[in-house]
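Visitor: Here is my input, please return the structure:
(one chain, ligands or ions: 1)
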Amino acid sequence: MFNKILIANRGEIAIRVMRACRELGISTVAVYSEADKNALFAKYADEAVFVGPSPSRQSYLKIDNIIKAAMETGAEAIHPGYGFLSENTHFASACEENGIVFIGPPSHAIDAMGSKITARQTMKKAGVPIVPGIEEGVSDPDEATEIAENIGYPIILKPAAGGGGIGMKIVQSREELQPALASAQSIARSAFGDETIYIEKYLTEPRHIEFQILADKSGNTIYVSDRECSIQRRHQKLIEESPSPVMTPELRERMGSIAVQAAKAIGYVSAGTVEFMYSKGDFYFLEMNTRLQVEHPITEMVTGVDLAKEQIMIASGEPLNYSQNDMTIRGWAIECRINAEDPLNDFIPSPGRISRYRSPGGPGIRVDSGVYNGYVIPPFYDSLISKLVAHGKDRTEAIARMERALFEYIIVGVHTNLVFHKAVMRNARFRSGDINTNFIKEENILEKVKEVAKEDYEKGKSLASALGADTRKVAAISAAVGTYMTQPKANGKV
Ligand code: ADP
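Guide: Model prediction:
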């Protein structure tokens, strides 16, 4: 086992990995940028090395600086977290060349899944069902029109090098295709430096269902749990749950075995996720993420497996602690991504000082966060404040616990999407489990968010006036009941 690990990431995921290290008795090295010199993760680590100015390109993405920090501190391995360098083969190779273990898959496995086109080709060959469409890039508009006609509208254009839902275009008819292709190419060129676009059938009312897998260096590969991530805005996940409401033991075994088959086809080692689109009883491979994912805690809650620890142990050459038969699902877990953003104003990011912070607790609640009271959220990175996870004996109890935790959560000073999550938890269709990736639009959730925010605000106001509260109390009370009005006015009114 390693003695010292460097964590090449920031925020909640850096802390998540350091917690695993601490439990395993491994020392930790943080790397931090100018903007993160007061961040919790840099304080939490045993050692912290400054790696550059605030923009990620000059710090968290600077391979040389990170390798140098590892060499200087004597770290034997690097955990990349998610995002940043986690799926960068140059980085994985740089680690290898310098005798440092990269805690993740071998670089050939990252490469195999790096391009969505290559991944589709490989998966098709391995007998894994893929979303209908093509397995090569298309740049000629006439050719694209012909292909789209063959597949049948609606179709979706996707950048081969894509991620984060960037550059994807849904096309409903022939007339829309050419401008959509030009726009997708231009977004792909500027976001990924590669304008290759390919075409898939756009599935209507699909569910996003993914499988967590673990694979060790001795060839043992298992699926851990399924997760449903259909509550999305602009193709980005906001709420995830495990298991999926449509899952049955038979379907889990079928999809899970295919996920294992996908991983084995590319010689995968480490923790990884195979994503599927599920539609009307059929499922299709979407992509594989070759890293620990944001939503990994819900799998940990329902299976009891510590994925971060397993990942570290696998990297050090140890065999898996579990076999497929050990994987049983206990209860239900839901995760809400709590972001510093304004759901009443097109979800624009809301960086700034958290003037008051109290996270929820009690039975079944887990909060993975990287913030504290008085912490200033920098504008340079993602807007994730925390991941709020609720675990219950069944889905009903998990939802009730999530609602209770959202009620307890106090975050003052920045706008948050707490109210968005409250609106979803209250929604009758969400509660019934009848969800798909269009849920937020179909249920007009953004209108509901306004109603919940107004209700919270009125509650806060009446509570405050009943107590004859002053400015500080008004702020605290309104925040305690979850109002989006987080900034008290000088006259004490909210
Ligand atoms: P990215 O890598 O950019 O996140 P993905 O391919 O993983 O893109 O897709 C993200 C989301 O986009 C999916 O979860 C789903 O909501 C939607 N999506 C992607 N492909 C399709 C498709 N063929 N049909 C319907 N929805 C899709």
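Visitor: what's the nearest residue to the most centrally placed residue in the chain if we skip its chain neighbours?
Guide: When the chain is reduced to its mean C-alpha position, the closest residue under C-alpha atoms, centre = their mean turns out to be Val294, at 3.3 Å. Closest residue to Val294 in three dimensions, ignoring its sequence neighbours and counting by C-beta to C-beta, 6 or more residues apart in numbering: Tyr82, at 6.0 Å. From N, CA and C alone the C-beta is placed, and that goes for glycine too.
Visitor: and the one you found, helix, strand or coil?
Guide: Tyr82 falls in the coil class when you classify it by DSSP: H, G, I helix; E, B strand; the rest coil.
Visitor: where does it fall, phi/psi-wise?
Guide: Backbone geometry at Tyr82, expressed as degrees, to the nearest 10, gives phi -120, psi 160.
Visitor: sorry, back to before: isn't the residue nearest to the centre of the chain right up against Ser386?
Guide: No: no contact is recorded between Val294 and Ser386 when judged using C-beta atoms under 8 Å, the distance being 11.2 Å.
Visitor: residues in contact with the residue nearest to the centre of the chain?
Guide: Ile13, Tyr82, Lys237, Arg337, Leu384, Lys387 (C-beta atoms under 8 Å, 6 or more residues apart in numbering).
Visitor: Ok, Ser173 next?
Guide: Contact partners of Ser173, counting by C-beta under 8 Å, 6+ apart, are Tyr153.
Visitor: tell me the phi and psi of it?
Guide: Comment: the main-chain dihedrals of Ser173 come out as phi -150, psi 170, following degrees, to the nearest 10.
Visitor: quick one: contacts for Glu12?
Guide: For Glu12, the set of contacting residues under the criterion of C-beta under 8 Å, 6+ apart consists of Asp368, Ser369, Gly370, Leu384, Ser386, Lys387.
Visitor: Show me what the longest strand seen in the chain pairs with in its sheet, parallel or antiparallel.
Guide: Among the segments of the chain that qualify as a strand by DSSP state E, the longest is strand 221-233. Applying DSSP bridges, strand 221-233 is found paired with strand 207-215 (antiparallel), strand 236-242 (antiparallel).
Visitor: Gln311: what secondary structure?
Guide: Going by three-state DSSP, the secondary structure assigned to Gln311 is helix.
Visitor: Ala119 versus that one, what's the distance?
Guide: For Gln311, the distance to Ala119 under the criterion C-beta to C-beta, to the nearest Å works out to 21 Å.
Visitor: related to what we said a few turns ago, how about the residue nearest to Val294, what does it touch?
Guide: Asn9, Ile13, Arg291, Leu292, Gln293, Val294.
Visitor: where's it relative to Ser183, distance?
Guide: Taking C-beta to C-beta as the measure, Tyr82 falls 28 Å from Ser183.
Visitor: got it, and Glu300?
Guide: 40 Å.
Visitor: Give me the spatial nearest neighbour of Ile314, chain neighbours excluded.
Guide: Nearest residue to Ile314 in three dimensions, chain neighbours excluded: Asp216, at 4.9 Å (C-beta to C-beta, 6+ apart).
Visitor: Contacts only, for that neighbour.
Guide: By C-beta under 8 Å, 6+ apart, Asp216 lies in contact with Val269, Ile314, Glu318, Pro319, Leu320.
Visitor: Buried among the residues you listed? Need that as a selection in ChimeraX.
Guide: In ChimeraX, a selection of the buried entries from the contacts of Asp216 looks like this (16 or more other C-beta atoms under 10 Å):
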select :269,314,320
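Visitor: Please tabulate the contacts of Asp216 in TSV, including the columns distance to Gly127 and secondary structure.
Guide: Listed next are the contacts of Asp216 as TSV, based on distance: C-beta to C-beta, whole Å; DSSP: H, G, I helix; E, B strand; the rest coil:
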residue	distance to Gly127	secondary structure
Val269	21	coil
Ile314	26	helix
Glu318	30	coil
Pro319	27	coil
Leu320	24	coil
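Visitor: tell me which of the contacts of Asp216 is nearest to the ligand?
Guide: Nearest to the ligand among these, counting by C-beta to the nearest ligand atom, is Val269 at 21.8 Å.
Visitor: Wait, that closest one touches Ala109, no?
Guide: Yes: applying C-beta under 8 Å as the test, Val269 and Ala109 come out as touching, 7.0 Å apart.
Visitor: Would you mind giving the domain segments of this structure?
Guide: Taking automatic domain parsing as the reference, the chain has its domains at 4-103, 132-201, 207-446.
Visitor: Pull up the residues of the stretch 51-200 of the chain that are close to the ligand.
Guide: Proximity of the stretch 51-200 of the chain to the ligand (C-beta under 6 Å from any ligand atom) is limited to residues Val131, Ile156, Gly162, Gly163, Gly164, Gly165, Glu200.
Visitor: which residues in the stretch 351-494 of the chain form strands?
Guide: Counting by DSSP state E, counting those that start in this stretch, the stretch 351-494 of the chain forms strands over residues 352-353, 356-358, 365-369, 376-377, 384-392, 410-412, given from the N-terminal end onward.
Visitor: which of those strands is buried the deepest?
Guide: Greatest average neighbour count among the strands of the stretch 351-494 of the chain goes to strand 384-392 (a mean of 24), per mean count of other C-beta atoms under 10 Å.
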